[in-house]
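Here's my sequence, what's the structure:
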Amino acid sequence: MASFSIQVLCKRTWTSLLLAAATFTCSAGYGSEQLLHNGSFEKGRDGWYLFVPSSSAQSKCEYSISHDGPENRPSVAMSSASFARYAFSSTEAIAVQEGKRYRISAWIKTEPGMAVKPDTPGLVIRVLCKNADGQDAKLGQHLYIGLGNKVELSVGPPAQIETTQLPEEWTQIDAVVEFPPQTRLVNIQLTSAQTQGTVCWSHVTFEEAAPQTPLTPVLGKKKER
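Below is the predicted model:
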């Protein structure tokens, strides 16, 4: 599945990012404009909403915006009183072009007491892939980017991504991707899949990457959960 490929750069603490900046600029391509509306959360919840399916309606899913992110940047804290599946979702679709490469990154940290059900995806960035009409793109597949440098293209919940170690310090997920054929629009969802407690996200970016940026194949197929 070489056409659906992605590179997740190793996780880095916020302080080490400054030391790695020059190297990253060369490997990840040129800096582009931010294509995700209010990915910095500087405008609060503008451009975002909390998605809670009916199955999690009794789990008291909530969110709040503060300046507790890396270097006191704004961050969103998502919490649930019991195990739940929910997401902080972007409201504005991002237009993408087939064959172009895009960089998706975010900073993530969990609070004490956070728990994830075994054999579930846990904490992932879900990228909804849609065609020009806003419908699911080829085969209804979406991209999932999780901790541990695992990325998957899947119709349903990802079968190979599992959150086994929670990030207690600010950690960056950083990926360079080409989208599946027929994808023209995408939305970002900061997803908690069967988690309980509080997770914080900050500085979510979506940018065009340089054409020569290396890509790593997404995980192969495995039996679905």
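
longest strand anywhere in the protein?
In the chain, assigned by DSSP state E, the strand with the most residues is strand 185-208.

Run the chain-centre distance for that one.
Its chain's C-alpha centre and that of strand 185-208 lie 4 Å apart, by C-alpha atoms, centre = their mean, to the nearest Å.

And for stretch 41-55?
The answer for stretch 41-55 is 14 Å, by C-alpha atoms, centre = their mean.

ok, and what's touching that stretch?
37-38, 59, 61-63, 65, 69, 73-76, 78, 84-92, 189, 202, 204 (C-beta atoms under 8 Å, 6 or more residues apart in numbering). Every residue, glycine included, has its C-beta placed from N, CA and C.

Setting the sequence-adjacent residues aside, check what's closest to the residue of the chain positioned farthest from its centre.
What lies farthest from the middle of the chain is Q58; by C-alpha atoms, centre = their mean that is 24.8 Å. Nearest residue to Q58, sequence neighbours excluded (C-beta to C-beta, 6 or more residues apart in numbering): S82, at 7.5 Å.

got it, and A115?
Q196 is the one closest to A115 (C-beta to C-beta, 6+ apart), at 4.7 Å.

For G156, see how far away that neighbour is.
Applying C-beta to C-beta, to the nearest Å, the value for Q196 to G156 is 22 Å.

More neighbours: the two, which one.
Q196 (17 against 10; other C-beta atoms under 10 Å).

So the more buried one sits against E111, correct?
No. Assessed by C-beta atoms under 8 Å, Q196 is found out of contact with E111, at 11.2 Å.

With S79 as the reference, measure out to E111.
Taken as C-beta to C-beta, the span from E111 to S79 is 8 Å.

er, P112 actually
12 Å.

Neighbours of K150, how many?
With other C-beta under 10 Å as criterion, K150 counts 18.

For the remainder of this discussion, apply numbering that starts at 40.
Right, with 40 as the first residue, what we last looked at is K189.

which non-adjacent residue is nearest it?
I200 (4.7 Å).

who's in contact with that neighbour?
By C-beta under 8 Å, 6+ apart, I200 lies in contact with P160, G161, V163, Y183, G185, G187, K189, V190, E191, L258.

Find the helix or strand that it is a member of.
Using DSSP states H and E, I200 sits in no helix or strand.

Tell me, please, where in this structure the pLDDT is lower than the cut-off.
For the chain, the stretches flagged by pLDDT under 70 are 40-71, 177-178, 255-256, 259-264.

quick one on the thing from earlier: which one's more surrounded, P151 and S118?
Per other C-beta under 10 Å, whichever of P151 and S118 has more neighbours is S118, with 22 against 8.

Is that one part of a helix or strand, or is it coil?
strand (DSSP: H, G, I helix; E, B strand; the rest coil).
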